[in-house]
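J.: This is the structure alone, sequence omitted:
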């Protein structure tokens with residue numbers, strides 16, 4: 001089952017249009033994702049020619065991986081790993097590391113509460129998209145009951161792809 005937005009558009013279709021736009025405009029992108037396990041990056045690279053704009057990504061499933069890749073440990077200690085502040089720091093860290101125009105950070109709890117992090121709330125996701133001085137930071141609640149882990153990830157990727165399309169001015173992706 002593939003996640004579709006309310007209008008029936010599959011997230012891969014939205015991502016395809018986003019990547020084509022990035023290619024046309026020469027806008028580069030990088031990603032640091034946790035709970036989606038690389039699915040957002042994979043969706044970006046499903047479009048022919050994505051290598052012209054997708055500079056790279058980090059799958060930082062642990063706190064240590066996040067801090068080793070540029071997220072300040074003090075920020076995680078203060079706000080928690082599952083927070084809008086951490087999502088924003090993830091987006092900034094990957095954008096800085098790769099020198100990309102756009103940075104995307106995704107963090108949250110999908111399948112079960114994380115015993116290592118007290119701020120873990122089942123189905124609570126935070127994503128941040130940074131582009132120049134533009135910022136899109138959201139809290140997303142995903143119903144997890146009865147869904148396979150892959151379906152949960154697809155929902156997160158779909159919502160983040162729609163937000164990215166909106167930030168880039170591709171409003172027709174959300175109609």
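T.: Cool, the structure landed. If you're wondering where the values come from, they're calculated on a predicted model, not measured in any experiment.
J.: what's the neighbour count on the closest residue to residue 82 other than its chain neighbours?
T.: Excluding the flanking residues, the one nearest residue 82 by CB to CB, 6 or more residues apart in numbering is residue 119, at 4.8 Å. For the C-beta atoms, the positions are set from N, CA and C on the backbone; glycine is no exception. When counting by other CB atoms under 10 Å, one arrives at 15 neighbours for residue 119.
J.: contacting residues for residue 119?
T.: Residue 119 makes contacts with 80, 81, 82, 83, as judged by CB atoms under 8 Å, 6 or more residues apart in numbering.
J.: Quick check: the two most widely separated of these?
T.: Among the contacts of residue 119, the pair separated by the greatest distance (CB to CB) is 81 and 83, at 7.1 Å.
J.: any chance you could map the strands in this protein?
T.: For the chain, applying DSSP state E gives strands covering 29-33, 54-59, 102-108, 124-131, 134-141.
J.: what about the second one, distance to the chain center?
T.: Shown here is strand 54-59, whose average C-alpha point lies 11 Å from the average C-alpha point of the whole chain (CA atoms, centre = their mean, to the nearest Å).
J.: strands paired with that strand, and their directions?
T.: Strand 54-59 has the following strand partners under DSSP bridges: strand 29-33 (parallel).
J.: hmm, who's touching the partner strand?
T.: Residues outside strand 29-33 that contact it (CB under 8 Å, 6+ apart) are 22, 39-41, 44, 53-60, 66, 69, 71, 90-91, 93-95, 97-98, 100-107.
J.: Also stretch 59-70?
T.: Here stretch 59-70 makes contact (CB under 8 Å, 6+ apart) with 32-34, 37-38, 41, 58, 71, 73, 76, 81, 86, 89-90, 92-94, 96-97, 116-117.
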